[in-house]
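Peer 1: Quick one: sequence and predicted model below, then my questions.
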Amino acid sequence: MKNPLFGLLSFLLDKILFFMRSTPKCISVTDKNGTVYETSLFRRGDLLEVPRTLFVHFGIYLGSNRVAHLIPDILPALTGKKARVEKVVTNKRLIAGVLAKMASVRVDNVHDFAYGSIILINDMDRHFKNDPLSNEEVAQRAEKLVGTTSYSLLWDNCEHFVTYCRYGTAVSLQTDKFCDVLKKIIRDQRIVVISAAAGLVLTLCVGLGPFTILPSFLITFTLWMAS
């Protein structure tokens, strides 16, 4: 007769070996500030979000510690040297790209993309009614768009890029929220009064002239008509 204790031990040993075989190896990368990113949690085609001070930056994970993301950048228009362009985009390059409305969809490693911030995975899925595309299709869309492109802070930014790749529709929830706030401000008739008062103070301080009266009148009139 088979010993039941031996059978139980064999069962437990099989389960332990199964989990040891099926548990993926944890792969992590650490940036220069000591921030650790567990890349084993990312799947190819995942939408990655990096909260910043005033906005959220987005990218598509391509696998092997690589992220495709759209970022404003003036340097590709100034030089054809690949080594210089491939360096991490500095704040000066970014701001110049915003002003010039130029950007590039580039591939960086995870810690360069995150820039020291935490990373959220597919957090945007809860805001969309339609299901995301397959992860492989998402990644392939992102890879096809790599290269220089135009940029608009409100109408063609990093969020438009990732939502097109993952959901098939280019939208920006950040832009929508900003526009809603702007509408509320414009529709508030107190803004018209404040604008008129500011124009009057400017005229009294600087004096009458086309450079004071005309802008003050146009701004106040535009706000009045829009309210």
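Peer 2: That came through, no problem.

Peer 1: in this protein, which helix or strand is least confident?
Peer 2: Of all the helices and strands that make up the chain, helix 4-22 has the lowest average by mean pLDDT, DSSP states H and E, namely a mean of 44.

Peer 1: got the residue ranges for the strands in the protein?
Peer 2: Counting by DSSP state E, the chain has these strands, from start to end: 28-30, 36-38, 47-51, 56-63, 66-72, 102-109, 120-121, 147-150.

Peer 1: Adding mean pLDDT, write the ones you listed out as a markdown table.
Peer 2: Written out in a markdown table, the entries for those read as follows (pLDDT from 0 to 100):
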| stretch | mean pLDDT |
| --- | --- |
| strand 28-30 | 48 |
| strand 36-38 | 72 |
| strand 47-51 | 93 |
| strand 56-63 | 95 |
| strand 66-72 | 95 |
| strand 102-109 | 94 |
| strand 120-121 | 92 |
| strand 147-150 | 91 |
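
Peer 1: Next, format these as JSON lines and append mean neighbour count and distance to residue 170.
Peer 2: For every residue, glycine as well, the C-beta is placed using N, CA and C. Conversion of the strands of the chain to JSON lines gives the following (neighbours: other CB atoms under 10 Å; distance: least, CB to CB, whole Å):
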{"stretch": "strand 28-30", "mean neighbour count": "12", "distance to residue 170": "30"}
{"stretch": "strand 36-38", "mean neighbour count": "14", "distance to residue 170": "27"}
{"stretch": "strand 47-51", "mean neighbour count": "20", "distance to residue 170": "13"}
{"stretch": "strand 56-63", "mean neighbour count": "23", "distance to residue 170": "12"}
{"stretch": "strand 66-72", "mean neighbour count": "23", "distance to residue 170": "11"}
{"stretch": "strand 102-109", "mean neighbour count": "20", "distance to residue 170": "13"}
{"stretch": "strand 120-121", "mean neighbour count": "14", "distance to residue 170": "20"}
{"stretch": "strand 147-150", "mean neighbour count": "12", "distance to residue 170": "12"}
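
Peer 1: Between those, which one is closest to residue 180.
Peer 2: Closest approach to residue 180 among the strands of the chain (CB to CB): strand 56-63, 16.5 Å.

Peer 1: What are the contacting residues of that closest one?
Peer 2: By CB atoms under 8 Å, 6 or more residues apart in numbering, the list of residues contacting strand 56-63 from outside reads 42-50, 67-69, 71, 107, 110, 113, 115, 124, 138-139, 141-143, 158-159, 161-162, 165-166, 174.

Peer 1: That strand versus strand 47-51: what angle between them?
Peer 2: Angle of strand 56-63 versus strand 47-51, following axes from the mean of the first three to the mean of the last three CA atoms, to 10 degrees, is 140 degrees.

Peer 1: Domain map for this protein?
Peer 2: When the chain is parsed with automatic domain parsing, its domains come out as 28-171, 188-226.

Peer 1: Tell me where the model's unsure across the chain.
Peer 2: Low-confidence segments of the chain, defined by pLDDT under 70: 1-36, 53, 181-196, 198-204, 206-227.

Peer 1: which stretches of it form helices?
Peer 2: Using DSSP state H, the helices assigned to the chain run over residues 4-22, 75-78, 82-85, 91-100, 110-114, 135-144, 158-167, 173-187, 189-206, 210-226.
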